[in-house]
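J.: missing the sequence, but the structure's below:
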Ligand SMILES: NC(=O)c1ccc[n+]([C@@H]2O[C@H](COP(=O)([O-])OP(=O)(O)OC[C@H]3O[C@@H](n4cnc5c(N)ncnc54)[C@H](OP(=O)(O)O)[C@@H]3O)[C@@H](O)[C@H]2O)c1
């Protein structure tokens, strides 16, 4: 049997780097075609150092036909570039559907990384006394943008086997992009304001997950699909969080504030609400809105399969101390 081929979209990202490296360990035969914009020699070298079976396809998420053509030729597509980029999702589905129409191969797999923003409450930092407890068991996507992927995964004929993963707040140190996007975002906002915090009182909290465990979760879902343990579509929807208690943005940002104060980057330690002049220009900033995720459950189904336990515990301590410190140093040397 010829080795499987996978198109990875977002390989150079925070999650993508860990994923590419993990695939080298768990699927050493798999060939990876990595879509990358600005394919500089350094970027290509960086990817090949993580996985020697990498080929680079230069292009952006806007290059729909390029993505469709690549998806048409692979067995697996893993999209970890942008949770809400509809044109690139459509391009992947177009390519996979063309492939299915030829009837020449097994139904292809499409794993897409979304985020827990889909279950956000759209409050702006206020505490909610009795938040809804979410579970991914029987979870329904309703009208969210990811429904296109779900629909493609539930068609009875020529089905694409799909899975959508919804991680909580991701922390840790990346292999290619070194820090999670929220670290430079919040540290730059803090610099502009002279102190750290988030919109409103920062009482909203969410579950977190180490970046290494996010990569592990992707590979576990991939294996479960390959082995037929899950069919995909409606039983391919997974929240990806640790089992530790949620962490609030005021907790995270007060550590951020202490560290930035000790480096002389802000005028006070700890955190307090940002003034309107800081939050107003954010408008519909996804990251700020995404802060409202609170209660999700763990990947119960995968745990039940005995496939996933997660390896990195101690999120509260490590995220709130050493990891935020280290991430901040990477983001703001
Ligand atoms: N980080 C979190 O806390 C978090 C939480 C929940 C969900 N998520 C979701 O998880 C996924 C991975 O997140 P991440 O933190 O790993 O993201 P990231 O570090 O920002 O990486 C994004 C990747 O996508 C590529 N990319 C972005 N826009 C592109 C474009 N227009 N054309 C081509 N490539 C493009 C980047 O390539 P370049 O190298 O060219 O920049 C990079 O490889 C995303 O879907 C994100 O929404 C993240």
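T.: Perfect, I can see it now. The structure presented is a predicted model; accordingly, all values stated were derived computationally and were not measured.

J.: what is the end-to-end distance of stretch 167-184?
T.: 19 Å (Cα to Cα, to the nearest Å).

J.: is the helix or strand harbouring residue 166 up against the ligand anywhere?
T.: Per DSSP states H and E: residue 166 is located in strand 161-167. Yes. Using Cβ under 6 Å from any ligand atom, strand 161-167 reaches the ligand at residue 167. Heads up, the C-betas are built off the backbone N, CA and C, glycines and all.

J.: so what touches that strand?
T.: The contact list for strand 161-167, computed with Cβ atoms under 8 Å, 6 or more residues apart in numbering, reads 15, 107-116, 118-119, 136, 141, 146, 149-150, 152-153, 209, 214, 217-218, 221, 225, 230-233, 236-241, 296.

J.: where does this protein dip in pLDDT?
T.: 1, 121-128, 130-131, 142-145, 156-158, 198-203, 243, 278-323, 331-333 (pLDDT under 70).

J.: and the residue nearest the centre of it?
T.: residue 113 (5.2 Å; Cα atoms, centre = their mean).

J.: wait, it sits on residue 80?
T.: Yes. Assessed by Cβ atoms under 8 Å, residue 113 is found in contact with residue 80 at 4.4 Å.

J.: who touches both of those two?
T.: What both residue 113 and residue 80 touch, as defined by Cβ under 8 Å, 6+ apart, is the set 10, 15, 218.

J.: give the contact list for the last one.
T.: This points to residue 218. The contact partners of residue 218, taken as Cβ under 8 Å, 6+ apart, are 15, 19, 22, 78, 80, 111, 113, 165.

J.: so it sits in a helix?
T.: Yes. Assessed by DSSP: H, G, I helix; E, B strand; the rest coil, residue 218 belongs to a helix.

J.: give me the element the residue in the stretch 151-300 of the chain positioned nearest to the ligand is part of.
T.: Of all residues in the stretch 151-300 of the chain, residue 170 sits closest to the ligand, with a separation of 3.5 Å (Cβ to the nearest ligand atom). Applying DSSP H and E as the criterion places residue 170 in strand 169-171.

J.: can you tell me the SS state at residue 177?
T.: Criterion first, three-state DSSP; result for residue 177: coil.
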